[in-house]
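Asker: A structural model of the following input is requested.
(one chain, ligands or ions: 1)
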Amino acid sequence: MSEQTVISIKNVSKAFKIYRDKPLTIKEKFLKLRSNEYSNFYALNDVSLDIKKGETVGLIGHNGCGKSTLLKLITKILYPDSGEIEVNGRISSLIELGAGFHPDFTGRENIYINASIFGLSRKEIDGKVDEIIRFSELGDFIENPVRTYSSGMYMRLAFSVAINVNPEILLIDEILSVGDANFQKKCYDKIEGFKNNGATIVIVAHDLGTLEKICDRVIWMNAGKIVEQGDADRVIDLYTQHMNKKFVEQTQKEYINGTMKQASGDENPQIAAPKQSELEFSEDIRWGSKEVEIIEARIINRNGESTNAISAGEPVTIEIDYKVNKPQKEYIFGVGFYTSERVLIYGNNTEIGKLKLRSIQPRGTVKFQIDECNLLSGHYKLNVAVVDGDHRALDFIKYYMDFSVVSNDKAVGVLSIKHHWEVD
Ligand SMILES: Nc1ncnc2c1ncn2[C@@H]1O[C@H](COP(=O)(O)OP(=O)(O)OP(=O)(O)O)[C@@H](O)[C@H]1O
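Answerer: This next block holds a predicted model:
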């Protein structure tokens, strides 16, 4: 291991045994059949990684990809099945909330036990105990047994001890999400101070914004392997794009299943499919003479599929199927996009679009084609309507369907606006 490297991980694999948990039949129990049947599940698979002194490294990846297992191997809570891990420096870890605390001892007693595990002498702890209690903000509760603490109080105490024992390497696993916003801020400030003093930090968090701010390097893991690593901005962007794509695919799948279930009369589809029957809308959200009727409306993605999840930046079409029950002198079809709080974002119709519709087929489809959807990530609602030339409602359906958008634009609000910044 080079002088600069404080954590060296070489070709490390870790498997867990997954036992068959199907209940045995009496005969099987009697004959002790299948009692040892298991398969190996690789939580980490041939991972190699060097972490240098003073680096702040973030581990990201979706649930179960092996982030915590990697931290546990570094702290030696777990041991690898193969490969080598070398650590050079005093580690303090915030991995399992309150691990190492004795439930019947008071907060103060636990500070002494915990800090001594980190290698501090009684005298050293005497010198730090007040600062640990002050930082934890536990006040008089410090004299109560920790079994009476809430998870937030546990976290405060655990964090206070872990950062006050002057570790050279600090490992943090998601634990910071437990506390309230103020305490979290205090912890992140402390971590920042740590970082500036040259400590090495490895942190697992789902809060990508924070990781982007504090990490020098981010490692994206998937299924026990490192997918990508490097500059925090770049890797977090790649990961976000990947997760957005997965979200759209998954939502699309659920949407199609939901639509199929609905079509087969199955109730409670997970995702609400577009409602097709007029009976499903109450009068306050659907009104009009019905001389022209909206039969169905859909959002169509770039692949021509009906969907309720859109990737921003892609082309989208809103299709409205109609039926003319009584011919009109003029027809105006419209769409409206609303936020989930029902605030209008955008409305448009064929009249605004200078498409004069004086005669139309008795049945047909009107399409509103969007070259590029520029909504920001969020949940939205779609209105569809047809009115006559005097703007009297023929069929007006408010909040016809809900849909979601995922966008890689980190701006806040509802719309992406093409722009660039300049400073004179
Ligand atoms: N003691 C164990 N026995 C069996 N399987 C385990 C054990 N510990 C972890 N696993 C499995 O190993 C995989 C990796 O778990 P790990 O906790 O490292 O994931 P993670 O990336 O930290 O996930 P999360 O973001 O949900 O915390 C998971 O599928 C998990 O179920």
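
Asker: is residue 141 part of a helix or strand, or is it coil?
Answerer: Following DSSP: H, G, I helix; E, B strand; the rest coil, we place residue 141 in the helix state.

Asker: next, count neighbours for it.
Answerer: Residue 141 has 18 neighbouring residues, counting by other C-beta atoms under 10 Å. Any C-beta I mention is one placed from the backbone N, CA and C, and that applies to glycine too.

Asker: where is the longest helix in this protein?
Answerer: helix 232-263 (DSSP state H).

Asker: let me see the mean pLDDT of it.
Answerer: Mean pLDDT, computed over helix 232-263, is 83.

Asker: cool, stretch 61-71 as well?
Answerer: For stretch 61-71, the mean pLDDT works out to 92.

Asker: what's the first helix or strand after the longest helix of the chain?
Answerer: strand 286-287 (DSSP states H and E).

Asker: what is that next one packed up against?
Answerer: Applying 3 or more C-beta pairs under 8 Å, 6 or more residues apart in numbering; DSSP states H and E, one finds that strand 286-287 contacts strand 393-406.

Asker: for the strand it packs on, name the packing helices and strands.
Answerer: Applying 3+ C-beta pairs under 8 Å, 6+ apart, we find strand 393-406 packed against helix 232-263, strand 286-287, strand 292-300, strand 309-311, strand 378-388.

Asker: packing partners for the fourth one?
Answerer: The contact analysis (3+ C-beta pairs under 8 Å, 6+ apart) places strand 309-311 against helix 232-263, strand 393-406.

Asker: could you rerun that using 10 Å?
Answerer: In terms of contacts (3 or more C-beta pairs under 10 Å, 6 or more residues apart in numbering; DSSP states H and E), strand 309-311 is packed against helix 232-263, strand 292-300, strand 393-406.

Asker: following it, which helix or strand shows up next?
Answerer: strand 316-324.

Asker: quickly run through the sheet partners of that following strand, with directions.
Answerer: Neighbouring strands of strand 316-324 in its sheet, by DSSP bridges, are strand 292-300 (antiparallel), strand 363-370 (antiparallel).

Asker: for those, which one ends up most surrounded?
Answerer: With neighbours defined as mean count of other C-beta atoms under 10 Å, the strands paired with strand 316-324 peak in mean count at strand 292-300, which reaches a mean of 20.

Asker: what does the following helix or strand past that one contact?
Answerer: For strand 292-300, the following helix or strand on the C-terminal side (DSSP H and E) is strand 306-307. Contacts to strand 306-307, defined as C-beta atoms under 10 Å, 6 or more residues apart in numbering, come from residues 248, 251-252, 255-256, 259, 273-274, 296-301, 316, 319, 403-404.

Asker: the stretch 51-200 of the chain: strands as residue ranges?
Answerer: Counting by DSSP state E, counting those that start in this stretch, the stretch 51-200 of the chain has strands at residues 56-60, 82-87, 91-94, 169-173, 200-204.

Asker: quick one: closest of the ones you listed to the ligand.
Answerer: Set against the ligand and scored by C-beta to the nearest ligand atom, the strands of the stretch 51-200 of the chain come closest in strand 200-204, at 6.3 Å.

Asker: starting at the chain centroid, how far to the closest one?
Answerer: Put simply, strand 200-204 sits 20 Å off its chain's centre (C-alpha atoms, centre = their mean, to the nearest Å).

Asker: for residue 14, grab the count of nearby residues.
Answerer: Neighbourhood size, residue 14 [other C-beta under 10 Å]: 22.

Asker: next, find the distance separating the nearest residue to residue 108 once chain neighbours are set aside from the ligand.
Answerer: Take residue 108 and drop its neighbours on the chain: the residue closest to it by C-beta to C-beta, 6 or more residues apart in numbering is residue 142, 5.1 Å away. In this structure, residue 142 and the ligand are 30 Å apart, going by C-beta to the nearest ligand atom, to the nearest Å.

Asker: surely residue 142 and residue 133 touch.
Answerer: Yes: assessed by C-beta atoms under 10 Å, residue 142 is found in contact with residue 133 at 5.1 Å.

Asker: overlap of the contact sets of those two?
Answerer: Common neighbours of residue 142 and residue 133 are listed as 107, 108, 111, 157 (criterion: C-beta under 10 Å, 6+ apart).

Asker: quick one: the helices in the stretch 51-200 of the chain?
Answerer: Along the stretch 51-200 of the chain, counting by DSSP state H, counting those that start in this stretch, helices occupy 67-75, 107-117, 122-136, 151-164, 181-196.

Asker: check which residues of the fourth one are buried.
Answerer: Neighbour-count burial for helix 151-164 flags 153, 154, 155, 156, 157, 158, 159, 160, 161, 162, 163, 164 (criterion: 16 or more other C-beta atoms under 10 Å).
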